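S.K.: give me coordinates for this.
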Amino acid sequence: MTAAEDAGSARSGWLSATSLRSLRTVLRDRPIIPLISLLLGLVVMLEVLQPGIVNERWISNTIRFAIPLAILAAAQTLTMLTGGIDLSVGIVATMTAFVMATQAAFMDTALAIPLALGVAALAGLANGVGVGIFRVHPLIMTLAVGLVVEGLLLVYQRFVLGSSVDLPEAITWLGTGRSFGNIPNALLVFVPLALLMGVLLRRTGFGRLLYAIGDNEGAARLAGIPDAQ
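M.R.: Here you go, the predicted structure:
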């Protein structure tokens with residue numbers, strides 16, 4: 001092998017290693033790329049295993065069922081960026097929906113919705129006080145609050161067992177309806193929320209504070225960030 005061939009081989013190996021490092025950097029900095037690739041791979045696999053299942057109706061149903069989870073994930077993101085976690089989010093969301101649906105049968109919807117959200121805010125306040133003031137580990141605190149909320153929900157369910165459930169037509173239309181064919185109406189809630197989250201985390205000081213506290217709470221405290229005090 002000549003010197004020119006050796007140099008070309010070394011250059012090719014260097015370019016290959018550099019490309020791999022660049023690819024790893026891109027995937028690390030943009031996790032949305034591997035996640036979308038995984039999703040597309042699963043869809044292709046599903047279509048191969050059951051041909052014809054992936055159609056317009058299937059995509060609409062999948063989006064409609066995924067939107068509530070995506071909204072909860074957006075809220076969970078704010079917690080996880082600070083190095084915490086909220087295990088009570090699922091049961092709190094269930095309790096909020098159940099309280100609203102049952103109370104809407106006895107009072108005006110304009111009062112039932114704030115009442116249900118107020119109950120959820122109390123659960124969030126308990127988590128915040130336990131984690132932020134008494135320094136209980138988020139895993140333990142949110143798990144305990146979730147169990148308490150689940151117990152209270154069971155008691156409340158027995159209390160209203162004979163009552164009716166009255167979902168407002170607007171909420172039913174927003175949660176389960178479709179427009180322009182198979183486009184879920186729930187996108188009217190999710191898309192603005194996703195845009196708001198993106199602006200909040202990338203374009204505001206509050207978002208940068210969340211990242212700073214999550215990266216190093218001690219350094220953030222020494223830097224004088226109030227949220228880390």
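S.K.: how is the protein partitioned into domains?
M.R.: Split into domains by automatic domain parsing, the chain comes to 1-55, 88-164, 168-229.
S.K.: tell me if G52 really is in a helix.
M.R.: No: applying DSSP: H, G, I helix; E, B strand; the rest coil, one finds G52 to be coil, outside a helix.
S.K.: contacting residues for it?
M.R.: With contact set as C-beta atoms under 8 Å, 6 or more residues apart in numbering, G52 has no partners. C-betas here are computed from N, CA, C, even on glycine.
S.K.: which SSE is the residue nearest in space to the middle of the chain in?
M.R.: Nearest to the geometric centre of the chain sits A73, at 0.7 Å (C-alpha atoms, centre = their mean). Applying DSSP states H and E as the criterion places A73 in helix 56-81.
S.K.: what's that helix packed up against?
M.R.: helix 89-103, strand 183-184, helix 187-203, helix 205-215 (3 or more C-beta pairs under 8 Å, 6 or more residues apart in numbering; DSSP states H and E).
S.K.: the inter-axis angle of it versus helix 187-203?
M.R.: 30 degrees (axes from the mean of the first three to the mean of the last three C-alpha atoms, to 10 degrees).
S.K.: so what angle separates the directions of helix 56-81 and helix 205-215?
M.R.: Using the same axes, to 10 degrees: helix 56-81 against helix 205-215 is 70 degrees.
S.K.: what angle do helix 56-81 and helix 89-103 make?
M.R.: Going by the same axes, to 10 degrees, helix 56-81 makes 120 degrees with helix 89-103.
S.K.: and helix 56-81, how far from the chain's centre?
M.R.: Centroid separation for helix 56-81 versus its chain: 7 Å, with C-alpha atoms, centre = their mean, to the nearest Å.
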